[in-house]
Each structure stands twice: as C-alpha cells, then as structure tokens.
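# can you look at this prediction? I've put the sequence above it.
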Amino acid sequence: MSTISHAFSTRAAAIAVGAVLSVAAFAPGAASAETLKFAHFVPPQHTFTGAIVEPFKTGVEKDTGGELEVQVFPGGELGKGPVEQYVRAVSGVADLVWGLAGYTSSQFPLSMIAEMPGVVDSTGLGYEKVWSVYDEYLKGEFPGTRPIALWVSEPNVLIMKSKEIRTVADMQGLKIRVSGSVPGQLIEALGAIPVQMPAPQMYNALDTGLIDGILTGSSAIRDFRLNEVANVYTEGANLGNILFYVVMNEAKYQSLSDAEKAAVDAHSGIGLSKSGEDNWNAVAKKMMEDLKADPNKTVISLSEEEAAPFNEITYAVTDKAIAALDAQGLPASAVKKAMQGGM
C-alpha cells in the first residue's frame, strides 16, 4: 500500500480503538429503549435501503407492535465522514451504522480476508463464509458492537474514465481508487497507484481527473452514478470483493427488553446478510447488462486466457498477505481455509 493509504487506514482505526475504549464508561440502561437510530452515509435511493434498511426496520417495528421504532438517518445526517461510521456506533452517536471494513482496514485484518481473490469469490455465498468464522475468529474485531449483518459485494471490476484495460501492461502507472488495504495491495501489484478514498468522493475524483479509474463492484456504478463519468469497464479478472457490515451498539442492545431483543435478532444475522448480498448482486448484474447495451460505453469482458495474467498476480497477493498475517501471530491461514470450506 502507498504511505497515504496506510496512514488513512491506520488513523481511522486508531480513532475507532479510542472510541471503543471510551465505551467501557457506559452501562446498559435500565429502561427499555423506544427508538433505534440507524445511520448511514448514502442517499435513500442507494441499494442499501431496499436491501438492508427496509427489511430490518419493517420487521423490528412489526414484531414489537411499533414499541421499538427504527429511525433512519441517511446521507451522513449524524456525521458526514463514512470512515467514522464504526466510531459512531461505539460512542452512541448512532445505535446502528453501515460501514465498509476497508475504510479502517487495520481494525479488521482477519475479516478482510473475505476481500482477497480466491477466498469467498471462488465459492459463492460470501455472507455464509464470513458468518461461518465469526464466532471463532472475527468477533474480537468488532469491540463494543453486535454485528447485525455481514456480507460481501459482487466481484470487483475496473471502472475507467477513458483508458481501456485489456492487459496488465495497461495498468502501469494509473491512479486507481480503492476502498481499503486489500484492494490497494492488488492495484499496487498490478503496477498501478492505489488511491484510497470513501465511495461518495469517487464521482468527482474521476470526473476531474484526480484518478484514472476505480476498483469496486459494478453495483456502485448505479448507486454513485459513475456511468455519467466513466466510459470504459473491464470485468473478468479476479480482483476481489468488498466486505460490508452493519453493527449495533452493544450497550444499546443490552438495554432493550427481551421482546425487543428477540425482534432485533429475528431480523439480523444470516437472513439480513443474504438480503444484502442478493440485492448487491442483482443490481450489479443489471448494471453490467445496461452498460453492454449502451453504444456509448465500452465493456471489456476478459476471457479466461486474458484474465490469467491478472489472476496470477492477484492470487500471489492473497498468498503473501495471508503469510504476513500468520507471521504476526494471527490465524489467517485457518480463516482462509474455513471461509473456502463454508459452513
């Protein structure tokens, strides 16, 4: 990773850890809560609303007869910085938040194995793979919170303003936006320059030429209107995925009545995570179909032979990253094996 990207993730993780330590001062409230504040950083029309917000809100409010209300704060209403989402949950600014593990990469070294090429992308059902290792390996990476949903995006694609990417040589020296440390390592290994930034900044960065392209899932093309500023898209290379989370402040959860906890539990976990992943994949599929039908856009679908040089590099990045985590005393190889094996 570049120095800037490393500093970005390290600083964000440090903030999160500091907030986690401060949560120890809070004790669960004696009275049952009536409202859950659910904060996120995208507009209401984003895939996230139908995939996660609506089923959770509708289910919890129905099961409790409206006694427990889920109040949604979209578009950064409780704080603009997407990087600080986890901190907001831990500190109680929000009761539930949506975030990307990559925004604070150093907080989630084992969780982000799900983003590496050749792990969950080769087996499907990423949400199942992540949940299958959560209790044994990942729980410690979510201090002060209770995960409500954990899921993985569709495969990453290259979204370019004008440059056609057909070979690894085409990547050399390009500035490519990434979401975190794992995709940053992939882009660096392919000879390009990773530029880490939150998703809401992608549009302007690509439009103004601050970056040459973006590495992310194709659902983001619709959700962030990237088709307005990107003209070339490359799919088919194994470039990993993105790990998402929705977490709830643990003290807030513990303050709920038994009936309210049961409602939250009933509309969380595997079921809600599946809704997230299914919706992300559906939007991504439709977006790529629309782009291929647009005569003003170029979609490059690499064959297996054309993708092989990319995959050789990205799989090597996965192996190197796993070895480095193992060397730090983390059970990375065990997590990778378990994720690949499934539930």
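That came in fine, so what should we check first? Residues are numbered from 1 along each chain as shown.

# which parts of stretch 246-256 are buried?
246-253, 255-256 (16 or more other CB atoms under 10 Å). C-beta here means a position set from N, CA and C on the backbone, and glycine is covered the same way.

# Serialize those residues to JSON lines and add fields for pLDDT.
Shown next, in JSON lines, are the buried residues of stretch 246-256 (pLDDT from 0 to 100):
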{"residue": "V246", "pLDDT": "98"}
{"residue": "V247", "pLDDT": "98"}
{"residue": "M248", "pLDDT": "98"}
{"residue": "N249", "pLDDT": "98"}
{"residue": "E250", "pLDDT": "98"}
{"residue": "A251", "pLDDT": "98"}
{"residue": "K252", "pLDDT": "97"}
{"residue": "Y253", "pLDDT": "98"}
{"residue": "S255", "pLDDT": "96"}
{"residue": "L256", "pLDDT": "96"}
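
# report the secondary structure state of the closest residue to P74 other than its chain neighbours.
With CB to CB, 6 or more residues apart in numbering as the criterion, P74 has its nearest non-adjacent residue at 4.9 Å, and that residue is P44. Secondary structure assignment for P44 (DSSP: H, G, I helix; E, B strand; the rest coil): coil.

# which one of the buried residues of stretch 246-256 is nearest to D294?
Nearest to D294 among the buried residues of stretch 246-256: V246, at 32.9 Å, using CB to CB.

# can you tell me the helix or strand for that closest one?
strand 243-249 (DSSP states H and E).

# pairing partners for that strand, with directions?
The strands beside strand 243-249 in its sheet (DSSP bridges) come out as strand 96-100 (antiparallel), strand 145-152 (antiparallel).

# which residues in the stretch 51-200 of the chain form strands?
69-73, 96-100, 145-152, 156-160, 175-178, 193-196 (DSSP state E, counting those that start in this stretch).

# give the rounded mean pLDDT of the longest one.
Strand 145-152 carries an average pLDDT of 98.

# what residues does it touch?
The contact list for strand 145-152 (CB atoms under 8 Å, 6 or more residues apart in numbering) reads 52, 56, 86, 89-90, 96, 111, 114-115, 120-121, 126-127, 129-131, 134, 241-250, 253, 264, 268-269, 272-277, 280.

# which residues sit against stretch 312-321?
116-119, 168, 182, 185-186, 189-190, 237-240, 332, 336.

# centre of the chain to it, how far?
Stretch 312-321 has its C-alpha centroid displaced from the chain centroid by 20 Å (CA atoms, centre = their mean, to the nearest Å).

# Y233 in helix, strand or coil?
strand.

# list the contacts for it?
157-160, 218, 221, 288, 291, 297-300.

# ok, so of the residues you listed, who is nearest M202?
Using CB to CB, the contacts of Y233 come closest to M202 at I159, 8.4 Å.

# partner residues bridging the closest residue to the closest one other than its chain neighbours?
In this structure, I159 finds its nearest non-sequential neighbour in I214, 4.3 Å apart by CB to CB, 6+ apart. Residues in a beta bridge with I214, per DSSP bridges, are I159, R177.

# how near is I214 to G79?
24 Å (CB to CB, to the nearest Å).

# repeat for E61
24 Å.

# re the thing from before, can you say which of the strands paired with strand 243-249 is nearest to P194?
strand 96-100 (15.1 Å).

# neighbours around L186, how many?
28 (other CB atoms under 10 Å).

# do the one 10 residues further on as well
A count of nearby residues for Q196, using other CB under 10 Å, gives 25.

# same thing with P82?
22.

# assess the claim that it and M202 are in contact.
No - the pair P82 and M202 fails to qualify as a contact (CB atoms under 8 Å) at a distance of 11.4 Å.

# show me where the stretch 51-200 of the chain has helices.
54-63, 85-91, 126-133, 181-189 (DSSP state H, counting those that start in this stretch).

# just put the ones you listed in JSON lines and tack on mean pLDDT.
Supplementary listing: those in JSON lines, determined by pLDDT from 0 to 100:
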{"stretch": "helix 54-63", "mean pLDDT": "98"}
{"stretch": "helix 85-91", "mean pLDDT": "97"}
{"stretch": "helix 126-133", "mean pLDDT": "96"}
{"stretch": "helix 181-189", "mean pLDDT": "97"}
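
# ok, V229 touching Y203?
Yes - between V229 and Y203 there is a contact under CB under 8 Å: 6.1 Å.

# for stretch 295-312, output the C-alpha coordinates as PDB.
Only the C-alpha atoms of stretch 295-312 are listed here, as PDB (Å, rounded to 0.1, in the frame of the first residue of the first chain):
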ATOM      1  CA  PRO A 295     -23.400   2.000 -27.600                       C
ATOM      2  CA  ASN A 296     -21.600   4.900 -25.900                       C
ATOM      3  CA  LYS A 297     -19.900   2.600 -23.400                       C
ATOM      4  CA  THR A 298     -17.100   0.100 -23.800                       C
ATOM      5  CA  VAL A 299     -17.300  -3.100 -21.700                       C
ATOM      6  CA  ILE A 300     -14.300  -5.400 -21.900                       C
ATOM      7  CA  SER A 301     -15.100  -8.900 -20.800                       C
ATOM      8  CA  LEU A 302     -11.800 -10.800 -20.400                       C
ATOM      9  CA  SER A 303     -11.700 -14.400 -21.400                       C
ATOM     10  CA  GLU A 304     -10.100 -17.000 -19.100                       C
ATOM     11  CA  GLU A 305      -6.900 -16.700 -21.100                       C
ATOM     12  CA  GLU A 306      -6.900 -12.900 -21.000                       C
ATOM     13  CA  ALA A 307      -7.700 -12.900 -17.300                       C
ATOM     14  CA  ALA A 308      -4.900 -15.400 -16.300                       C
ATOM     15  CA  PRO A 309      -2.100 -12.900 -16.100                       C
ATOM     16  CA  PHE A 310      -4.100 -10.700 -13.800                       C
ATOM     17  CA  ASN A 311      -5.200 -13.700 -11.600                       C
ATOM     18  CA  GLU A 312      -1.600 -15.000 -11.300                       C
END
